[in-house]
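S.K.: fold the following and give me the result.
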Amino acid sequence: MKNKTIVKKLMATCLTLTGILFIFPASVVATTVLDGETIYQKTLDAYHHIKSYSYINHQGEYNLFSKETEEGAKESYGAFAKGFGYNYENYYDQNGFIKNNQNNPFKNSQFKQGTYQYKFMKPFIIQMALVNSDYLPEILHKSVMTYRPDKDPGVFRFFPRSSSFFSLSRSIDDESGSFLTMNWTTDLIKMRFLNENGTVRLLEKEKIDGRDCYVLEFSSINERAGDNTTGTKFLLSDIPEDISTKIDQSLSGITKKNFSSVKYWIDAEKFFIVKIEEYIQGHLYSSKIYKDIKINQLSLTDFNPIKPSLTFFP
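M.R.: Here you go, the predicted structure:
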């Protein structure tokens, strides 16, 4: 009799639980809602599990260069061209930079675009192929630049038109050394900088290149934030000191350009960067979209400077 009573109580309990499950089915159980600060932190945390990455960067920006910057770029890329018998002057007038109009820079500037294939291995080994760029003459397209700080932290190798027979050694302080900070790692350092010196909010989710993405918008950036850059120390502690200095300089540039906002599209599953847009006075200034992203698939042999043509342009 006692056993029957126990069985009845168990059956009643089961029926009660079944009723609860019926009222609140598993499919509608509330999930954790992430806010902007949490997504930002998850993106930084995800980086620490990445040993290497590669992607194709589709990049564009307005050419709001001063005349001094134009001349510097002309001289630098001219040295590249003349290094293998080409006169850059022939291209400067046709594809040159439009001078900055201080009254309305967006009205008279052009939106320059480029495509770059990029490889990165921690702590800071880089290889970039310049597929094409509005900034540079066609003779420099399909060139490859390799930086191996484990070999020589002060220079990088430049292979014109992905040649495996001729290369130039260039100082990382050269104007063309800007490719050293055109990477995901620097983007994350900038994101941290923006978060520490501005405000972040979460916008509506968007799909980019087939990926569901969170959209973070950073704004209200402190105009004096560039005076106290924290730089690379939180992400990378063993990169060459000169590279750290270059990245810190790029952080100062954020406040000099006076961005009204910067948006980051973050993969909703893996928490890596898929797209970035920068705005000045509410106008789109620059954009990056990363495609064909691969994580932790590289080794040192992928940065072999002897035949980079086989790596990027089979």
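S.K.: all strands of the stretch 151-300 of the chain, in order?
M.R.: In the stretch 151-300 of the chain, the strands defined using DSSP state E, counting those that start in this stretch lie at 155-159, 168-171, 199-208, 211-219, 261-267, 273-280, 283-295.
S.K.: packing partners for the second one?
M.R.: So the one you mean is strand 168-171. Applying 3 or more CB pairs under 8 Å, 6 or more residues apart in numbering; DSSP states H and E, we find strand 168-171 packed against strand 155-159. Placement of C-beta: from N, CA and C, glycine included.
S.K.: which other residues reach the strand it packs on?
M.R.: Residues outside strand 155-159 that contact it (CB atoms under 8 Å, 6 or more residues apart in numbering) are 80, 126, 143-148, 166-172, 176-177, 180, 305, 308-309.
S.K.: returning to what we had before: of the strands of the stretch 151-300 of the chain, which is nearest M121?
M.R.: Set against M121 and scored by CB to CB, the strands of the stretch 151-300 of the chain come closest in strand 283-295, at 11.6 Å.
S.K.: parallel or antiparallel, which strands does that closest one pair with?
M.R.: strand 52-62 (antiparallel), strand 273-280 (antiparallel) (DSSP bridges).
S.K.: can I get those strands in JSON lines including mean pLDDT and distance to K119?
M.R.: Listed next are these as JSON lines, based on pLDDT from 0 to 100; distance: least, CB to CB, whole Å:
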{"stretch": "strand 52-62", "mean pLDDT": "94", "distance to K119": "5"}
{"stretch": "strand 273-280", "mean pLDDT": "95", "distance to K119": "16"}
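S.K.: looking at those strands, which is nearest to A46?
M.R.: strand 273-280 (9.9 Å).
S.K.: now the closest one - C-alpha only, CSV.
M.R.: The C-alpha coordinates for strand 273-280 follow below in CSV (Å, rounded to 0.1, in the frame of the first residue of the first chain):
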residue,chain,number,x,y,z
ILE,A,273,36.3,41.2,-37.1
VAL,A,274,34.6,41.0,-40.4
LYS,A,275,34.1,44.7,-41.4
ILE,A,276,35.1,48.2,-40.2
GLU,A,277,33.7,51.6,-41.2
GLU,A,278,35.1,55.0,-40.1
TYR,A,279,33.0,58.2,-40.2
ILE,A,280,34.0,61.9,-40.2
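S.K.: buried residues, that strand. List them.
M.R.: Neighbour counts over strand 273-280 (16 or more other CB atoms under 10 Å) mark 273-280 as buried.
S.K.: ok so Q117 is a helix residue?
M.R.: No - if the criterion is DSSP: H, G, I helix; E, B strand; the rest coil, then Q117 is strand and not within a helix.
S.K.: picking up where we left off before, any chance of the strands paired with strand 283-295 in a markdown table, with distance to I239 too?
M.R.: Formatted as a markdown table, those follow (distance: least, CB to CB, whole Å):
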| stretch | distance to I239 |
| --- | --- |
| strand 52-62 | 15 |
| strand 273-280 | 19 |
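S.K.: out of those strands, flag the one nearest K294.
M.R.: strand 52-62 (4.9 Å).
S.K.: now the closest one: buried residues?
M.R.: Those would be 52-55, 57-62, for strand 52-62 by 16+ other CB under 10 Å.
S.K.: okay if I get those residues as JSON lines plus distance to S299?
M.R.: Formatted as JSON lines, the buried residues of strand 52-62 follow (distance: CB to CB, whole Å):
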{"residue": "S52", "distance to S299": "8"}
{"residue": "Y53", "distance to S299": "13"}
{"residue": "S54", "distance to S299": "12"}
{"residue": "Y55", "distance to S299": "17"}
{"residue": "N57", "distance to S299": "21"}
{"residue": "H58", "distance to S299": "26"}
{"residue": "Q59", "distance to S299": "26"}
{"residue": "G60", "distance to S299": "32"}
{"residue": "E61", "distance to S299": "33"}
{"residue": "Y62", "distance to S299": "38"}
